[in-house]
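# what's the 3D shape of this:
(one chain, ligands or ions: 1)
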Amino acid sequence: MQIFKSLIGNENIKNTLGSAIINSEFLHAYIIEGPRGSGRHTIARLASAAIMCKDKNSLPCGICNTCHKILNDNCADVRFFDAFKVDDIRKIKETLYESTTECEYKVYVFNDCEKMNVASQNALLLVLEEPPKNVIFFLICNDSSALLETIRSRAQILRTMPLENDVIFDYVKNNSRVQIDEKRLKEIIISSRGSLGYTLDMLDESKADSLFKERERARVFTENILNNDTECARLISSMFQTSRDKLKELFSMSLNVLRDLAIVKKSRNASLCFYTSQNDALATSSRHSIKKIITAVEAIENALYDLNVNASVPCALTNIMTQIKKGS
Ligand SMILES: [Zn+2]
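Predicted coordinates for the structure are as follows:
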């Protein structure tokens, strides 16, 4: 019996949730945690279809009427909710005992559960307590630690795993109709942190263009601060004067650049988190000492801290340049 054949990676979930479904031992509530784009909703859909599909060889078969409806969000018995208000959750609770429309089970998928406040989570807890036997819940969240322990203890926690870059690359090459240059695709994938959903979303040309601009800006900014180029600090300061969050993103990306520059000094084959080419990282790294790279990391981490406690943008950038100059 094949389970979740179309799910890429996530063997841990195939093994736990998949085996439970094959053996008809699935629980009434699962928390699926992981970053956006990591397949959390796909897993909820596949599991719902697998529970309801009657195929004997592959669950879900993906082609029967039930599978087709569930996998296309067109089944009245598998519903998705963005219910963060107590009243919404109470209304949902009233529907628990309504009979199913077309399937054996009713599935309630709650999106973005980490956004629920304590009152809403307590209301949700009442929903999870002793539901009818034919009801299954999937609670989707980034991080289950944002949920009350009383909710966590009533559900099995499943964590989506980041995919290997090669796996995402092969998937896009074999399944996407979008024509994209391999170098650009690799840049998107390395920015995705193992997220297939993010990668597919970024195949949109306008989104990809802004990502490439941000990456290029982070690369140039990092190289300029390593070269003690104070003009660059002034330029960045004027660009981000009114956009502190964007500046924080630039700093975070710059930390990834610096991490790669440091790590290639240790090992030429280390896996990188910014550069798509080992040679590019090595070429830049060879122009700077490890001491200088580490000083830059510390300076940017301090600047991120400063911005979080409301330091001005010019002040944060001046501090970076001063620390790097002092440290070199
Ligand atoms: Zn089916």
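
# how is this protein carved up into domains?
Split into domains by automatic domain parsing, the chain comes to 2-159, 163-203, 211-327.

# and the first one, average pLDDT?
Model confidence over domain 2-159 averages 94 on the pLDDT scale.

# in the sheet, who's paired with Tyr30?
Phe138, Gln156 (DSSP bridges).

# tell me how far it lies from Ser271.
With distances taken as Cβ to Cβ, to the nearest Å, Tyr30 is found 31 Å from Ser271. Bear in mind the C-beta positions are built from the backbone N, C-alpha and C, glycine included.

# looking at the two, which is more packed in?
Tyr30 (24 against 11; other Cβ atoms under 10 Å).

# buried set for the helix or strand encompassing Thr66?
In this assignment (DSSP states H and E), Thr66 forms part of helix 65-71. Within helix 65-71, the residues that qualify as buried are 66-67, 69-71, counting by 16 or more other Cβ atoms under 10 Å.

# with respect to the ion, which of the residues you listed is nearest?
Cys67 (3.3 Å; Cβ to the ion).

# ok, that closest one to Glu164 distance?
In terms of Cβ to Cβ, Cys67 sits 28 Å off from Glu164.

# again, but for Ile63
29 Å.

# okay, helices next: where are they in the stretch 51-200 of the chain?
Per DSSP state H, counting those that start in this stretch, the stretch 51-200 of the chain carries helices over the ranges 65-71, 86-94, 118-128, 149-152, 165-175, 182-192, 196-201.

# what's the closest of those to the ion?
helix 65-71 (3.3 Å).

# so what touches the closest one?
By Cβ atoms under 8 Å, 6 or more residues apart in numbering, the residues outside helix 65-71 that reach it are 45-46, 48-49, 52-54, 60-62, 74-75, 78, 102-103.

# hmm, back to that, got the helices of the stretch 51-200 of the chain as JSON lines, with distance to the ion columns?
Converted to JSON lines, the helices of the stretch 51-200 of the chain look like this (distance: least, Cβ to the ion, whole Å):
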{"stretch": "helix 65-71", "distance to the ion": "3"}
{"stretch": "helix 86-94", "distance to the ion": "27"}
{"stretch": "helix 118-128", "distance to the ion": "28"}
{"stretch": "helix 149-152", "distance to the ion": "31"}
{"stretch": "helix 165-175", "distance to the ion": "20"}
{"stretch": "helix 182-192", "distance to the ion": "30"}
{"stretch": "helix 196-201", "distance to the ion": "23"}
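
# and of the ones you listed, who's closest to Lys14?
helix 165-175 (14.2 Å; Cβ to Cβ).

# isn't Ala270 up against Ile263?
Yes: between Ala270 and Ile263 there is a contact at 4.5 Å, judged by Cβ atoms under 8 Å.

# so what sits against both of these two?
With Cβ under 8 Å, 6+ apart as the test, Ala270 and Ile263 reach no residue in common.

# thinking again about what came up before, can you show me the CA trace of the helix holding Thr66 as PDB?
Extracted C-alpha coordinates of helix 65-71, given in PDB (Å, rounded to 0.1, in the frame of the first residue of the first chain):
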ATOM      1  CA  ASN A  65     -14.500  11.400  -7.000                       C
ATOM      2  CA  THR A  66     -13.900  11.700  -3.300                       C
ATOM      3  CA  CYS A  67     -10.200  12.400  -3.700                       C
ATOM      4  CA  HIS A  68     -10.800  14.800  -6.600                       C
ATOM      5  CA  LYS A  69     -13.200  16.900  -4.500                       C
ATOM      6  CA  ILE A  70     -11.000  16.900  -1.400                       C
ATOM      7  CA  LEU A  71      -7.700  17.600  -3.100                       C
END
